[in-house]
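*Asks:* structure, please.
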Amino acid sequence: MKKETKSFFSTLFGAKKTGVQTADTSKEIILTSYSQPNVLQQRMQEERMTHGETVTANLSPVRVEKHMGKMVMYFCPMKNIEVLHTMADGDGGSLPNQAIVEDLTIPSDYKPGFYNLKNVVLTSNGTMQVKATGKTVWESAKCDY
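*Replies:* Here you go, the predicted model:
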């Protein structure tokens, strides 16, 4: 008899429930040298964010593409950052040039495309960091490109 299981990430990020889990129900999001962190930096500057600041935010939209079995996130289509809550004020310094993602996954049944990434923690201490929370949601988005 097969044991019915549900992964922790599928609970958090709304992956489709299949009943019997034989593989991961989510894919890790990564960034590459082509992810264009300069766009993230520019949008953070438009929100007057500075080095060391930490906020909960929505990023709209981002692009996700499959590459060599991984899901790569691109900031190039991002039009805005909606700051929901400021958790820590910045120190007034410049934003870093590099970006990383932490604990960010997307349900494996989601297709490459454009998404509004909601309820992430965005911070900028050494690198710009996009971190998943228990309330992080991927919402399908249309893009004008």
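*Asks:* for the rest of this, base every contact and every neighbour count on C-alpha atoms.
*Replies:* Noted.
*Asks:* remind me, longest helix of the protein?
*Replies:* Longest helix in the chain by number of residues, with DSSP state H as the criterion: helix 37-46.
*Asks:* ok, how many other residues are close to Glu139?
*Replies:* By other CA atoms under 10 Å, 12 other residues sit near Glu139.
*Asks:* in what helix or strand does it lie?
*Replies:* Here Glu139 is covered by strand 137-140, with elements defined by DSSP states H and E.
*Asks:* where along this protein do the helices fall?
*Replies:* Per DSSP H, the chain has helices spanning 8-13, 37-46. These are given in chain order.
*Asks:* and these, which one is worst for confidence?
*Replies:* Lowest mean pLDDT within the helices of the chain: helix 8-13, a mean of 42.
*Asks:* ok, back up a step: buried set for the strand holding Glu139?
*Replies:* Within strand 137-140, the residues that count as buried by 16 or more other CA atoms under 10 Å are Val137, Trp138.
*Asks:* show me what the mean pLDDT comes to for stretch 54-66.
*Replies:* Averaged across stretch 54-66, pLDDT comes to 97.
*Asks:* mind listing what's buried in it?
*Replies:* Applying a neighbour-count criterion of 16+ other CA under 10 Å, the buried positions in stretch 54-66 are Thr54, Val55, Thr56, Ala57, Asn58, Leu59, Ser60, Pro61, Val62, Arg63, Val64.
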